[in-house]
Structures are given as C-alpha cells and as structure tokens.
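**Q** got a predicted structure here, sequence first:
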Protein chains: 2
Amino acid sequence: MFVSQASARSFRLFSSTVALIGPGLGFCEPLTLNTRGVARRRLGTQSATPSYTVNKERLWNSIHETAKWGATPDGGVRRLALTDNDKAVREWFISTTESLGCSVNVDEMGSVFATRPGTSSSLAPIGVGSHLDTQPAGGRYDGILGVQAGIEILQVLEENGHRTYAPITVIDWTSEEGARFNTGMVSSGVWSGRYTLDYAHAIPAVEEDESGKATLRSELERIGFLGKVPASYTANPLSAHFELHIEQGPVLEDEGKKVGIVTGVQSMGWLIVTVHGANQHSGTCPMDRRRCALTSAARMISRVEEIALTAEGLSTVGVINSWPQSPATVPHKVVFSVDLSHHSTKVRERMIADTHAEFARIAHANKCTVEIEDIWNSPAVQFHEDCIGCVREAAENTAGVENVKEMMAGAGHDSVHTADRCPTSMVFVPSKGGISHHPDEYSSPEQCALGAQVLLESVLRYDDRLKRNAL
Amino acid sequence: MFVSQASARSFRLFSSTVALIGPGLGFCEPLTLNTRGVARRRLGTQSATPSYTVNKERLWNSIHETAKWGATPDGGVRRLALTDNDKAVREWFISTTESLGCSVNVDEMGSVFATRPGTSSSLAPIGVGSHLDTQPAGGRYDGILGVQAGIEILQVLEENGHRTYAPITVIDWTSEEGARFNTGMVSSGVWSGRYTLDYAHAIPAVEEDESGKATLRSELERIGFLGKVPASYTANPLSAHFELHIEQGPVLEDEGKKVGIVTGVQSMGWLIVTVHGANQHSGTCPMDRRRCALTSAARMISRVEEIALTAEGLSTVGVINSWPQSPATVPHKVVFSVDLSHHSTKVRERMIADTHAEFARIAHANKCTVEIEDIWNSPAVQFHEDCIGCVREAAENTAGVENVKEMMAGAGHDSVHTADRCPTSMVFVPSKGGISHHPDEYSSPEQCALGAQVLLESVLRYDDRLKRNAL
C-alpha cells in the first residue's frame, strides 16, 4: 500500500512541476508545457533527411534467430525478465551493438543503452527503445521488434557511414512486461522518477524459487546486470524517445492501415484484490453459514466487467488463485488481479472508485472482507507534438497518407514513462488478428520492415530538427 | 474421463451384485440385501459386554504428541499423504501397535493394518479405522482421532487382559483426504473394489516436484510403504468397520448433543472443470471480441451455487487457477474444482446434469468451451443396522439417550467404502464451531474421550454379537 500511495504522490508532483529534459539541448524557442509538465518546445518543421532503406531480411532473420532464447515448441517465446534466457539475449544485444561501433552501458535497473556517437559533443542521445523480455506465453514481436529495429537503424547508419548530429542510443528496457516482477515498465519508470530504485529493486519474483526470496535486484545480481549508471533521466538523459511496437490490437488490421502514428497512451493500471473468508468443510458446512472467498471473488469478477462495459473502458482479471488448494475445503483466501484501462484518466479513476465500492459491498454481503491494493496506476499520456510530427511525416512518406492512422495506444509501453521526461512518440504496425501476449502473435516481414523504416526516418527527421535548432 | 466412467460403471455393478463379505464369518441367519448389495444379516441383539474405560489423558496426549509430524505454527497440522511427515507418523503407529501385541501388515495401497488376535481362529477382524493424513492446512483431529481412539482401544484391551472373539485391526487408511492425490478415500476405495489398483497408483501428486512425475505409487515406494498384502476386501477381509470421527459440521454443537450415531453418508463427489478461451491483450482487445476463460468461469461459479441452493444441496469451488498467470493477459485457460453433495443420490445426479447444461450454456455465450471431468462420484450410503445398533446402544449407555443424535455424515469417510463390503457404522463427536480442515479444528479432551468410549463399547458389543452368533 505504501508503494502505490508513494507512486500516486510522485505522479501528482510530476504534473505540476516543470520537467527537466536533460542538459545540453540548446533549444532556443520558448517552453510550452503540457498537462504532464513535459517541455513542448516546438522544433522547426522543415526537413532534409537522407533516404536510406532498412534491410527487411536482416531484420527478420535477427528477430527469429534470437527467438531461440526462450523459444517454445508452439512458436512463441517465454523469456521472463532476468532469467537465463533474458541474460543470453542481453549478451547478444551487447556484442552486436558493440560490433556496430556502440559503447554500451548498463544502468542500476539493468537497462542496456547501446550508444552510437553523434557529431554534437553536448547533446543527450535520441533514444530508440523497447524491451526484450516477454510474457510467460509470449510471442516473437512484442517489444522485441522495437529493439531489433533499433539495431537495424544502427546497421543502416553504419553501412551508409551516416553520422547523426545527436548520439543514437538503442535501449533494452528491463522487465517491461511486469510478468515476473509485478510492475509493468518498471525500469523506464525508475528512469523517469515515477518509481524509486529501492521500490523496484525489492519487487519479488512471482515464481517461487527454492528460497522464495528472489527479487528484481537479486536477479539482476545473479545474471550480472546490476549496472552502475544511475537509472535516472537527470544523470542519463535522452533528447527524445522513439519506439516501434506491434499494435497488439485489431484496429489497424480491421481498418486496412499499415502504420499507426501513436499520439498517446490510454490510462491503465492494476489492482491486486485479496478476499478473506473462512476455511469450512465442503460437505458439512451449511450454505448459509459459509464465508467463501471464491464465491465472493466470482461475483466481483462479474461485477468489474459490468463496470468496464458501462464506462466503455476495459477490464481484465488475468491472475487468480485460491487457498488452500483443496476441492473439499471452502477457500479462506482468493487473490486476483484487475487490469482497468480507459482513454480518459478521469473516467478510469471513477471505474476504480466504483470497483472499490462494489467489491466492499459484495464482500460484506458474503460475510467476507476485501483488501484492494492499487499497485500500478498510469494516467493517460499525450505524446510530444514534435515527435508525433516526425513519425507522421515519416509514415506518410513511407506508407502513403491513405495507409496511416493516428491512434492512442491501448497497452503500456516504456514510452509512457519516457514521455514524462523527454519528447516521445511511437510507431505501430498491425498485429495479425490483434493477437498478442501469445505464441500466435505475428507481423509479416513487410510489416516489420515498414515499421523499422518509419522508425529510421522518424529518428533522422528528429535529429535533423535538433541540428537545425542548434545552428 | 476414462477413469471416471470406469468408476461409474463399477458402482453400477456393485449395486446389482451380491457382495462378498469375506470368508469365515460363520453367520447362520438368512442374508438380506440392502440397495447397495451389502449383506444385512441381523445379529442377535442381547449384549453383555465388560465395562472398561478409556484413558482420557493418554488419548489426548497421544493426539497432541504425534501432531509434531506436520505441526504448523498456528496449531494445525499439514501432513499430506505419503510425505516425510506421513512416513514418520506411520512408523510411530507401527511401533506403538506392535508394542501392544499387534501384528502389522501394509497393503499395496500403503494402508496399515495393526491386528490384535481374537480367540476365533477363522473370523475376519473387526476394523477400527480412519486416517492419519490431513488437508494442506488441516487440524489435529480429522481422521487422527479415529486412529488414535483405535490405539486407545488396544491399550484398554491390553491393560485389562481382554481377549476379543474376533481379531481387532486398527487401520490407517492411506490418503483419505485426496488433497495431495486428487481422489478422496482412495485406499479404502481400492480395498472395496470401487477403484482399480492401477488407477490409484497412477494418480499424480498435485504439488509439483522437480520431475513433475510423482505418483501415489512412486511416493509409496519412496517412503517404503508399498506393501505386499492385496488391497482387497476378498484377500484381506473385515467382519465390520467402525470409525470415530469429528463431525466437521455445526449440527451436534448447535443442538447441544454429545454423540452422533451415524446412519449413513450423503452422496458427494468432484467435478474438474476446464474452461478454454483465448489469450488476448488486456489493454488492446475490445471487450466484445474477448474469449475470456475467467469471465466464463466466474459466471459458472456463481451459477453452480444457485443450482445447489435450489436443490437444497451443497456446492463448493475450492481450487481455481488461471493460465498464463499474467495481469495483462486475458486468460486462455481456467481450471476449477466443483464439490457437490446431497442426501439423495438422485437429486445430486440432477445437480450434476444441471451443472453440465448450465456450464455449456455459459461457455457458449462467452465464446469459450468447457470440459467437465467427473473424477469422483460417491452415491449416498446407508450404514448397516447391526453396526448402527451397536453404536446406538453404546452411545445411549455412555452419553445418555438425551445427548445422542442419529444423523447422516456430510463428509466422505473411508467407512463409505467399507460399507460396500462389510457392516459399517460411525461415531461422531462435536467439532467446535463446526470448523474442520483448518488449524482451529477442535474437540475437547472430554469429547474425544467420550467418542473413544462409544467406539470401544460399539466394538465390544459387535464382537459379543459375533461370538453369540457363532455359538
């Protein structure tokens, strides 16, 4: 409870404070602030970027060759954060980017920054980031495409001998999925100041190891990725952050669009609900004397779905477990997760309030009690106009104006957190059938390459703007 | 599915076949058959049994000293079948009964038979049985009291130099709880012929060991309790079976009664329900495109409760788990148990049919599919009039006619299975607050001793009847 309240407080602080973007930017226009305190200095709009082309086969092969670390028989990837498979792909990432002339740093959260120098001696790098960890039964594209496309950009710049103005840093953010350590986008959240390092390091692993004591920090130490660079936007700043990602939903495919220009991210977050009842014997305790935690939980699960439908938002209960796991015993405890999201932060707050009220009512009616922990709470995010503009130009140039769509992201991404501290935008490509977090996740070689091409051109356009603004 | 159908077939066979009671009984009255094929030869009703008194302190101390094997900090016992703690208490049981002059045999299911000889050279022993395994978060009395009271009977007979006519065998039935190996009363079920030995030996352990391959048989071998005596009522017969047990419900306490004369056991059993949906992303998949296994499961759990209430029966969902365990993923699979019970076998069958129909309807309405396995199905049992008569006489003699109550058992006991093959009855003592399968389970020293006294007198009365009928 302390943690989530602390996080909520931190967020309110961010909203009313002028955020630092990092030293050395050299902008000269006046600052404008959006509601989240992010500097919105408008950059010049002209652009004259070189036209390089990403290598579709190289990108595709790299995605599928590295899928061996965590590959499952059904074609998916199970690469939970900070496991041995995650260690292996990180080591591959470091050796690959070093061979492309990058210097590699690891921060205190284990995030890896592979930086290709620019001609400016003072500018913070333009970040191109995503993540290499997956869900327990994940696919080959979620997060992975964004990092692989970053490496492909390094390849293209290297083979064309192109020196950018700002350094380019390709980032593998640690534990974006929040599947093994139950906080999503946790390392970018520490970098942005939304979470404290101590909080993040102490998150226990969901799996039970022999000692039951594995934490994010102990696992960082175990795989040798507890770095020394401060996980902080002030000590390790970015000029901007771009991220290519699969849509993970059906909208682009349904509407026949090729590229999504992502203007922001919906409000989302997680509750952890614990229902307490009483152990009673299944065959001897009359129904009217029962205090069944699962009967209560089932009603709550049905009710939160109604709350989401009424609010035109989304609700998901993904994790549920009962104690003790015995068919002949009325369970005394049930724990489940609730994921709630909505385009509007305000409406989502109302959904949470309704959930609290209704769960308390249901628990009381069933002679149980309920505790609700608000463990992750991410307000809606509006991305930066300059970055959106670069993505828009790149997308329209590459895919044609009729094939692009401006949209909000439904899922959390590390860009949610970078957007607190530097101009940010994202590029989406279609997901077949809208499927994600599943072995059947798929985007074609052409879709992946088109996304990487838009990402490359977005970065070069932003770099060009930085250069022209510095002159 | 094969297993449960096989079990169902076996049961129908039992119902229409004259059951064997075992050789050497020497009855001379005509056989009468109850609906379950159990021989109901009426024994003579006169009795002249000696009056010995159980030792309250000795019984109480033995219950609590042996609780060390599996003791939990909250005063309960966690002694899952065939674990190291179960091994330890079994070894104690063997050495204790051997020191009281018993010969000890272990059958192919690991059930331990400690037999004190009688004067008759041909009669099968009178069984006094229950179980020493517990639920995962169990108490100190469920099952344990019955075995400990059996040992106390041996103590009393030994210190009084009383030689019974029939041998007396105190039995620790293996894995009554069905908590670690998901079939309740499994070893008495093999003994009675309701389950095959192969089925029982192959039951996997619920817990995950390193190999994930532990079975009931491999665990019997591991702890050295895979005996050679056939687990069979023909090869290892009983003249009768008596069992003392805590009520595990609130009825005796609520009505101020001291002893329950158990006339039978309600119909009960377990379904294992698997709901299949699809993995989808919590933040991007529209609500109307979802195939959420848990949304479906929650509705099923609420619905089965309504089915039970309408039928005036009982329903319990004790175990539930979702896959993959990720808050950000719509679960594609949910598995849960359903325990249904009713005094009437016929009404319970209707409850099961309603459950099948309603679960299929709910799954379809939610774009999911459902599989239901009927893994355990126990019809209502009527105990044997002769044994009930002995318990009634003993209870009224010991506790006073105003303090006894005739009742059906709500929970499954090994006596359900012995009743298929030999005259059987049970004795109940009150459970504080009706609590069972929980560390707070409690019956007082006086209640335990009164139950043991009724058990002793019931056994002596039955032995006397056997003797008089043999003359």
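**A** Received, thanks. Residues are numbered from 1 along each chain as shown, chains lettered A, B, ... in the order given.

**Q** buried residues in stretch A:122-141?
**A** A:123-141 (16 or more other CB atoms under 10 Å in any protein chain shown). C-betas here are computed from N, CA, C, even on glycine.

**Q** quick one: is that stretch near chain B?
**A** Yes - applying CB under 8 Å from any CB of the partner chain, one finds stretch A:122-141 in contact with chain B at A:135-137.

**Q** now that stretch: average pLDDT?
**A** In this model, stretch A:122-141 has a mean pLDDT of 96.

**Q** how far does that stretch sit from its chain's centre?
**A** 8 Å (CA atoms, centre = their mean, to the nearest Å).

**Q** for it, measure first residue to last.
**A** 34 Å (CA to CA, to the nearest Å).

**Q** quick one: contacts for whichever residue of the stretch 101-250 of chain A sits closest to chain B?
**A** Chain B sits closest to A:G249 of the stretch 101-250 of chain A, with a gap of 3.0 Å, by CB to the nearest CB. Neighbour list for A:G249: A:410-411, A:431, A:434, A:436, B:281, B:283-286 [criterion: CB atoms under 8 Å, 6 or more residues apart in numbering or on different chains].

**Q** redo the residues you listed as JSON lines? Include pLDDT, neighbour count and secondary structure.
**A** Output for those, formatted as JSON lines (pLDDT from 0 to 100; neighbours: other CB atoms under 10 Å in any protein chain shown; DSSP: H, G, I helix; E, B strand; the rest coil):
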{"residue": "A:G410", "pLDDT": "91", "neighbour count": "21", "secondary structure": "coil"}
{"residue": "A:A411", "pLDDT": "87", "neighbour count": "25", "secondary structure": "coil"}
{"residue": "A:S431", "pLDDT": "95", "neighbour count": "27", "secondary structure": "coil"}
{"residue": "A:G434", "pLDDT": "90", "neighbour count": "22", "secondary structure": "helix"}
{"residue": "A:S436", "pLDDT": "86", "neighbour count": "31", "secondary structure": "coil"}
{"residue": "B:H281", "pLDDT": "87", "neighbour count": "27", "secondary structure": "strand"}
{"residue": "B:G283", "pLDDT": "91", "neighbour count": "24", "secondary structure": "coil"}
{"residue": "B:T284", "pLDDT": "89", "neighbour count": "23", "secondary structure": "coil"}
{"residue": "B:C285", "pLDDT": "89", "neighbour count": "27", "secondary structure": "coil"}
{"residue": "B:P286", "pLDDT": "88", "neighbour count": "14", "secondary structure": "coil"}
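
**Q** and stretch A:166-181, how far out from the chain middle?
**A** Relative to its chain's centre, stretch A:166-181 lies at 8 Å (CA atoms, centre = their mean).

**Q** anything in that stretch near chain B?
**A** Yes - counting by CB under 8 Å from any CB, chain B is contacted by stretch A:166-181 at A:177-179.

**Q** repeat for stretch A:142-155
**A** No - using CB under 8 Å from any CB, stretch A:142-155 stays clear of chain B, with a minimum separation of 8.6 Å.

**Q** for A:P50, which non-adjacent residue is closest in space?
**A** Closest residue to A:P50 apart from its sequence neighbours, by CB to CB, 6 or more residues apart in numbering or on different chains: A:H162 at 6.4 Å.

**Q** make JSON lines out of the contacts of A:G249 and add distance to A:N403.
**A** Listed next are those as JSON lines, based on distance: CB to CB, whole Å:
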{"residue": "A:G410", "distance to A:N403": "20"}
{"residue": "A:A411", "distance to A:N403": "22"}
{"residue": "A:S431", "distance to A:N403": "16"}
{"residue": "A:G434", "distance to A:N403": "18"}
{"residue": "A:S436", "distance to A:N403": "21"}
{"residue": "B:H281", "distance to A:N403": "23"}
{"residue": "B:G283", "distance to A:N403": "24"}
{"residue": "B:T284", "distance to A:N403": "20"}
{"residue": "B:C285", "distance to A:N403": "23"}
{"residue": "B:P286", "distance to A:N403": "22"}
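
**Q** looking at the residues of stretch A:122-141 next to chain B, which is nearest B:I153?
**A** The shortest gap between B:I153 and any of these belongs to A:P136, at 53.7 Å (CB to CB).

**Q** measure that closest one to A:L80 for me?
**A** Separation of A:P136 from A:L80 (CB to CB, to the nearest Å): 7 Å.

**Q** from what I can see A:D339 touches A:S315, true?
**A** Yes - in this structure, A:D339 is within contact of A:S315 by CB atoms under 8 Å, at 6.9 Å.

**Q** which residue ranges of the stretch 251-400 of chain A form helices?
**A** A:251-255, A:293-311, A:345-365, A:385-399 (DSSP state H, counting those that start in this stretch).

**Q** looking at those, which is closest to chain B?
**A** Using CB to the nearest CB as the measure, helix A:293-311 is the one of the helices of the stretch 251-400 of chain A that comes nearest chain B, at 3.8 Å.

**Q** elements contacting that closest one?
**A** strand A:267-276, strand A:314-316, strand A:320-323, strand A:333-342, helix A:345-365, helix B:293-311 (3 or more CB pairs under 8 Å, 6 or more residues apart in numbering or on different chains; DSSP states H and E).

**Q** tabulate the ones you listed in JSON lines, adding columns for mean neighbour count, distance to B:S218 and mean pLDDT.
**A** Putting the helices and strands packed on helix A:293-311 into JSON lines (neighbours: other CB atoms under 10 Å in any protein chain shown; distance: least, CB to CB, whole Å; pLDDT from 0 to 100) gives the following:
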{"stretch": "strand A:267-276", "mean neighbour count": "23", "distance to B:S218": "36", "mean pLDDT": "96"}
{"stretch": "strand A:314-316", "mean neighbour count": "27", "distance to B:S218": "39", "mean pLDDT": "98"}
{"stretch": "strand A:320-323", "mean neighbour count": "21", "distance to B:S218": "27", "mean pLDDT": "95"}
{"stretch": "strand A:333-342", "mean neighbour count": "24", "distance to B:S218": "31", "mean pLDDT": "97"}
{"stretch": "helix A:345-365", "mean neighbour count": "17", "distance to B:S218": "42", "mean pLDDT": "98"}
{"stretch": "helix B:293-311", "mean neighbour count": "22", "distance to B:S218": "32", "mean pLDDT": "98"}
